[in-house]
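In: What follows is a predicted protein model with its sequence.
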Amino acid sequence: MPHCIIEHSNDVLTRVTQQQLIDSVLTGAKKSALFELDHIKLRTHAYEYYQKGDVKQAGFIHVTVRILQGRTVEQRQDLSEKVLQEFDHLRLSAVTITVEIVEMETASYTKKVI
């Protein structure tokens, strides 16, 4: 844990690679000191079609970090801020970047490694 899902517009990939996006989120998650390194799972998903209201919006990056419940609000805020700050190193422009921390209910989370 956590599951870090990086959704982004295809046009972002003209300026950075998916690996750079993953590295940014990974670094932020590590800096939070909330997780063991080998427990951090990261993946990306690119969108070709997207818009906001009636107008196609500028590029976007949205990171969802799904964690098991039990962290304080302060810990979740710190994690969100640390992940967001790492994108500064990519020097992107005309991109909206958002980070969302989502708590997963421990009672309903299951896992199987085969």
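Out: Looks like it arrived, so ask away.
In: Please enumerate the strands of this structure.
Out: Applying DSSP state E to the chain gives strands spanning 3-9, 41-47, 59-68, 95-104.
In: Redo these as a markdown table? Include mean neighbour count and distance to Glu81.
Out: Any C-beta I mention is one placed from the backbone N, CA and C, and that applies to glycine too. Written out in a markdown table, the entries for the strands of the chain read as follows (neighbours: other C-beta atoms under 10 Å; distance: least, C-beta to C-beta, whole Å):
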| stretch | mean neighbour count | distance to Glu81 |
| --- | --- | --- |
| strand 3-9 | 20 | 15 |
| strand 41-47 | 14 | 18 |
| strand 59-68 | 19 | 12 |
| strand 95-104 | 16 | 8 |
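In: now those as a markdown table including mean pLDDT and distance to Glu74?
Out: Formatted as a markdown table, the entries for the strands of the chain read as follows, by pLDDT from 0 to 100; distance: least, C-beta to C-beta, whole Å:
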| stretch | mean pLDDT | distance to Glu74 |
| --- | --- | --- |
| strand 3-9 | 97 | 20 |
| strand 41-47 | 97 | 24 |
| strand 59-68 | 96 | 14 |
| strand 95-104 | 96 | 12 |
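In: which stretch among those comes nearest Gln18?
Out: Within those, the stretch nearest Gln18 is strand 41-47; the backing value is 4.6 Å (C-beta to C-beta).
In: and for that closest one, what are the contacting residues?
Out: By C-beta atoms under 8 Å, 6 or more residues apart in numbering, the list of residues contacting strand 41-47 from outside reads 1-10, 12-13, 18, 21-22, 25-26.
In: Equivalent analysis for stretch 73-86, please.
Out: 4, 24-25, 27-29, 31-32, 34, 63, 65, 67, 71, 97, 99-101, 103.
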